[in-house]
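> From the sequence below, what's the structure:
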Amino acid sequence: MFLTLWATPRSTSTAFEWMMRQRGDFVCHHEPWNELYYYGEDRVSSRDANVDAKKGHTYAATWNELAAAGREGSVFVKDFVYSVEHALTDEMVAEMTHTFLIRDPMLVVQGLAKHWPDCSWEEVGFESLHRLFHRIAARDGVAPPVMYSGDLLDDPAGTARAYCDAVGIPFIAGALQWEAGDRSEVSWYGEGTGPWHDNLRQSTGIQKPQTTYPQLEQGTRLYELYERAVPLFDDLRQHCFK
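Numbering: from 1, shown residues only. Next up is the predicted model:
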């Protein structure tokens, strides 16, 4: 099984991935395409253009590795659609079981702005996520599973159980608890990985973050990113399972 969780940034997706790692029945991959997007030999972003690309790290090689693993066993990938949409063929889409995780776009933009005040519309993630959702829904004639971050934080066990039911895997209650500590498995982004996962390192389960976000002022570029995301979020929100 090749199970993919496509998320919006800052949406508790890495905590959900950490829960999937605790299950023990999936080989989990943390943002393999997002790493390519910024650091691969055929990277798309120039955000860290001054950093040398990783030798041999390409979209084609990564896909071949992930697809082969998914055919042989159970693989879980958490990533952002914007990182790979340009390379995502119909054949690749057909290999995966697709699920989606969304968050209130105000919190998404605020969360990104805390570390990347120059974040782009593409990096906000909603447009590509929305496009892939409807691409799959049109192909299958039924909407793929969509999870809302607010539900996950309010009721981790109930939402995780609903997710498992939606994709046909057993719910494992014990996977919802873990020990605080190192999270090097999910820290790949340059030397500044630390702040992105401070809450996860301190956590012992999926819990509401106590993060203070910068306010978005109307009329600013960041507020406009939020406004552009709202209708896409509203459309996806109506498909969320309970």
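
> thought residue 229 was touching residue 126?
Yes. The pair residue 229 / residue 126 is scored as a contact, 4.3 Å apart, by C-beta atoms under 8 Å. Bear in mind the C-beta positions are built from the backbone N, C-alpha and C, glycine included.

> quick one: which of those two has more around it?
Neighbours were counted for residue 229 and for residue 126 using other C-beta atoms under 10 Å; residue 126 has more, 28 against 24.

> overlap in contacts of residue 229 and residue 126?
Shared contacts of residue 229 and residue 126 (C-beta atoms under 8 Å, 6 or more residues apart in numbering): 105, 108.

> what's the weakest-modelled helix or strand in the chain?
helix 198-202 (a mean of 61; mean pLDDT, DSSP states H and E).

> Report the buried residues of the longest helix anywhere in the chain.
Across the chain, the longest stretch assigned as helix under DSSP state H is helix 221-237. Using 16 or more other C-beta atoms under 10 Å as the test for burial, helix 221-237 gives 222, 225-226, 229, 232-233, 236.

> what do you get for stretch 109-118?
Quick answer for stretch 109-118 (16+ other C-beta under 10 Å): 109-114.

> now stretch 153-169
153, 156, 159-163, 169.

> So what touches that stretch?
1, 3, 12, 16, 19, 25, 97, 99, 145, 147, 151-152, 170-171, 173, 175-176, 205-208, 241-242.

> Narrow those residues to those in helices?
16, 19, 151-152.

> Of those, just say which sits nearest to residue 62.
residue 16 (21.4 Å; C-beta to C-beta).

> got a list of what that closest one touches?
Going by C-beta under 8 Å, 6+ apart, residue 16 touches 5, 78, 101, 147, 152, 160, 206.

> which residues touch residue 58?
By C-beta under 8 Å, 6+ apart, residue 58 lies in contact with 36, 40-42.

> Can you pick out the most distant pair from those?
Longest span within those, C-beta to C-beta: 36 and 41, 8.4 Å.

> Have a look at the two and say which one is more surrounded.
Neighbours per residue (other C-beta under 10 Å) separate residue 36 from residue 41, with residue 36 holding more: 26 against 15.

> Let me know whether the more buried one touches residue 80 as I believe.
No. Applying C-beta under 8 Å, one finds residue 36 not in contact with residue 80, separated by 11.3 Å.

> quick one: residue 41 and residue 86, what's the gap?
Look at residue 41 and residue 86: by C-beta to C-beta, to the nearest Å, they are 15 Å apart.

> With respect to residue 122, which of the ones in helices among the contacts of stretch 153-169 is nearest?
In terms of C-beta to C-beta, no member of these lies closer to residue 122 than residue 16, at 22.5 Å.

> Tell me the spacing between the closest one and residue 5.
7 Å.

> Check residue 226 too.
Distance, residue 226 to residue 5, using C-beta to C-beta: 23 Å.

> now do residue 233
For residue 233 relative to residue 5 (C-beta to C-beta), the value is 17 Å.

> And for residue 140?
17 Å.

> So, low pLDDT: which residues of the chain?
181-202 (pLDDT under 70).

> Going along the chain, name the strands of it.
2-7, 27-30, 75-79, 97-102, 146-148 (DSSP state E).

> What residues sit buried inside the shortest one?
In terms of neighbour count (16+ other C-beta under 10 Å), strand 146-148 has its buried residues at 146-148.

> now do stretch 55-62
Those would be 57-59, 62, for stretch 55-62 by 16+ other C-beta under 10 Å.

> Max pairwise distance over these: which two?
Longest span within the buried residues of stretch 55-62, C-beta to C-beta: 57 and 59, 9.1 Å.

> Now list whatever residues contact both of these two.
With C-beta under 8 Å, 6+ apart as the test, residue 57 and residue 59 both reach 36, 40.

> ok, the residue lying closest to residue 84 once chain neighbours are set aside to residue 134 distance?
Nearest non-adjacent residue to residue 84, counting by C-beta to C-beta, 6 or more residues apart in numbering: residue 33, 3.9 Å away. Distance, residue 33 to residue 134, using C-beta to C-beta: 20 Å.
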